[in-house]
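Asker: sharing a model that was predicted from the sequence below.
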Amino acid sequence: MPLPRAILFDLDDTLIRAYAQPEEAWRRLLGTFAEALGTADDAAVERVRVVLMDEARSLWIDQAAAAKWRLDIPGARRLTTRRALARLGYDDEALADRIADAFTEMRRQEYRLYPDAHATVDALRQAGVKLALVTNGASATQRAKIERFDLEHRFEHIQIEGEFGQGKPELAVYRHALERLGCEACDAWMVGDNYEWEVVAPQKLGMCGVWYDPFDAGVPATATARPTRIIKRLGELVE
């Protein structure tokens, strides 16, 4: 598949590993809070994880709530953790906040650049492809990641939800990035891990939706659109 004139890249869990595999991450974190939760029973700790993730899903599936809380991920974690512990009979918001904040800090410390991210982006730039980084989230949080992983100079345009005022999957987000790159939708790809944001929405504009599936999750059973291409490594884009 020949390279396009332009590529829009997602940031979290595309160029950097940030929020992937939350089940495993929460299981590790909650294990350190077993004593505070008043149990040494692994099954009881697992019940906390299940309820906590259920509350998180309930929040993020609400599009209006998600648009608000994407700009305050630590606050969203506090809210869902408080709700989860309350459901389980814990009347201790301070404990809920300690757990949520510990998870936020653990995730921050564990951010990692995917091994082929820099090499892939640099190869695309050298090949003359125009590049934009298009990410949801708060300005300060996302700018810190961009600086930490030496990404800013690699993109002609960086667009952050908290700065632009809208986030994916709003079609205006993709249109604006394409406009800044001087490229038509039919000559561009969107690359990322979120099926709705990186496949379904951009294809509505005529872009190619390249789905990054490093954990081999497979196309969602409820998918209403097929990705133009599926990659498991970023390096596949330039091979």
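Answerer: Received it, and whenever you're ready, just let me know what you need.
Asker: domain parsing for this protein?
Answerer: For the chain, automatic domain parsing gives the domain ranges 6-18+112-238, 22-110.
Asker: next, count neighbours for residue 16.
Answerer: By other Cβ atoms under 10 Å, the residues close to residue 16 number 20. In short, each C-beta sits where N, CA and C put it, glycine included.
Asker: dump the residue contacts of it.
Answerer: Applying Cβ atoms under 8 Å, 6 or more residues apart in numbering to residue 16 gives the contacts 111, 112, 113, 114, 117, 145, 149.
Asker: now swap in residue 29 and tell me
Answerer: Counting by Cβ under 8 Å, 6+ apart, residue 29 makes contact with 99, 102, 103, 106.
Asker: re the thing from before, save the domains of the chain as a markdown table, and put in mean pLDDT too.
Answerer: A markdown table is the format used below for these (pLDDT from 0 to 100):
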| stretch | mean pLDDT |
| --- | --- |
| domain 6-18+112-238 | 97 |
| domain 22-110 | 96 |
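Asker: just say which of those is most tucked in.
Answerer: Of the domains of the chain, the one with the most neighbours on average (mean count of other Cβ atoms under 10 Å) is domain 6-18+112-238, at a mean of 18.
Asker: now the terminal residues of that domain, how far apart.
Answerer: End-to-end distance of domain 6-18+112-238 (Cα to Cα, to the nearest Å): 13 Å.
Asker: what lies in contact with stretch 133-145?
Answerer: Contact with stretch 133-145 is made by 8-12, 15-16, 18, 70-73, 111, 146, 151, 155, 157-163, 167-168, 173-174, 177, 190, 197, as judged by Cβ under 8 Å, 6+ apart.
Asker: and the helices in the chain, which stretches?
Answerer: Here the chain has its helices, by DSSP state H, at 22-31, 42-61, 63-69, 73-87, 93-110, 117-126, 139-148, 161-164, 171-181, 195, 201-204.
Asker: to residue 219, which of those helices lies closest?
Answerer: Evaluated with Cβ to Cβ, the helices of the chain place helix 195 nearest to residue 219, the distance being 7.6 Å.
Asker: need the contact partners of the closest one.
Answerer: Outside helix 195, the residues that touch it by Cβ under 8 Å, 6+ apart are 211, 219, 220, 223, 227.
Asker: now that helix, how far from the centre of its chain.
Answerer: Relative to its chain's centre, helix 195 lies at 11 Å (Cα atoms, centre = their mean, to the nearest Å).
Asker: try stretch 96-112
Answerer: Distance, centroid of stretch 96-112 to centroid of chain: 15 Å (Cα atoms, centre = their mean).
Asker: hmm, who's touching that stretch?
Answerer: Here stretch 96-112 has contacts from 16-19, 25-26, 28-30, 32-33, 36, 73-74, 77-78, 80-82, 84-86, 90, 145, 148-149, using Cβ under 8 Å, 6+ apart.
Asker: apply 6 Å and report the result again.
Answerer: 16, 17, 18, 29, 33, 74, 77, 78, 81, 82, 85 (Cβ atoms under 6 Å, 6 or more residues apart in numbering).
Asker: contacting residues around the fifth one?
Answerer: The contact partners of residue 33, by Cβ under 6 Å, 6+ apart, come to residue 99.
Asker: against residue 108, how distant is it?
Answerer: 18 Å (Cβ to Cβ, to the nearest Å).
Asker: repeat for the first one
Answerer: Between residue 16 and residue 108 the distance, using Cβ to Cβ, works out to 11 Å.
Asker: one more: the third one?
Answerer: Here the criterion is Cβ to Cβ. By it, residue 18 lies 9 Å from residue 108.
Asker: over to the last one?
Answerer: In this structure, residue 85 and residue 108 are 22 Å apart, going by Cβ to Cβ.
Asker: thank you, goodbye.
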